[in-house]
Structures are given as structure tokens and as C-alpha cells.
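In: generate a structure from the sequence data that follows.
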Amino acid sequence: MAESFSVTRRYFDDKNYPRGFSRHGDFTIREAQTLEQFGQACLALELGERKPVTQEEERFVAVMKGDEIAQSIIEKSWLKYRSLTTKTKRIYTLSGNAGSDAGDDFSATE
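Out: The predicted model follows:
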């Protein structure tokens, strides 16, 4: 796996983990080290900015597409990271239909 996930710099997410992956408490030490070491490659592969060059990278892309189940520490760590950082935010709205089945008629016909 020497050339798989090769990068020239470590990966940091200052927006979601400003103190680093290992200091936040969401990841084990091994997961945090994996994210820092391979995160640049994982992000580029996931976004399609980098083409897979090894079987491990091809499998990683398949896992990200949902075609395979995560097995390696890289696949599992990246999926965990993405699930923690890409949560959909709930939008709360006020609706005027909450009491519509109560039978109240507020028309001005009385």
C-alpha cells in the first residue's frame, strides 16, 4: 500500500476540528492519525479530483458511492468523519395548520 493514498501534506479540518482530530474526542487515536495521514487523498478521491490508481483506492471510491461496505481503517475512519461533518441540519418552520383538525371555525358569519 506504499503508493495508495499518497499525499504530500497532512489533512486538517480547522472548521470542524480546530484543535485537531485527536483532541476533539470523536475519534480514536488510530482514526485521528489515519485522517491526518490520508485525509487529503480521501477528500480528493471522494470529490473525483483524483483518480484511483490502486485497488485500495478503487475500493475506497466504491465504498464512498455505497457500492461496497467499509472494511479498512481508512474507509471506516473517512466514513465516520464524513457522517460527523456532513449532517443535514434540521429546519424548523411554523405552520398555521396545527389546529386545523380541531373543528374551530373563525369565519365572521356570526
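
In: where does R82 sit: helix, strand or coil?
Out: Secondary structure, DSSP: H, G, I helix; E, B strand; the rest coil: R82 is helix.

In: going forward, begin numbering at 684 instead of 1
Out: Sure, I'll start numbering at 684, so the last one becomes R765.

In: for it, what are its contacts?
Out: Residues near R765 by C-beta atoms under 8 Å, 6 or more residues apart in numbering: E729. The way it works is simple: take the backbone N, C-alpha and C, and place the C-beta from them, glycine included.

In: which of the helices or strands spans D696?
Out: Counting by DSSP states H and E, no helix or strand carries D696.

In: around the residue nearest to it when sequence neighbours are not counted, count how many other residues there are.
Out: Sequence neighbours aside, T768 is the residue nearest to D696 in space, at 6.9 Å (criterion: C-beta to C-beta, 6 or more residues apart in numbering). By other C-beta atoms under 10 Å, 12 other residues sit near T768.

In: state the distance from T768 to T737.
Out: The gap separating T768 from T737 is 26 Å, by C-beta to C-beta, to the nearest Å.

In: would you list the phi and psi of E732?
Out: E732 adopts backbone torsions of phi -80, psi -10, taken as degrees, to the nearest 10.

In: which elements pack onto the longest helix anywhere in the chain?
Out: Longest helix in the chain, counting residues (DSSP state H): helix 712-730. Identification of packing neighbours for helix 712-730 by 3 or more C-beta pairs under 8 Å, 6 or more residues apart in numbering; DSSP states H and E yields helix 704-707, helix 738-748, helix 756-768.
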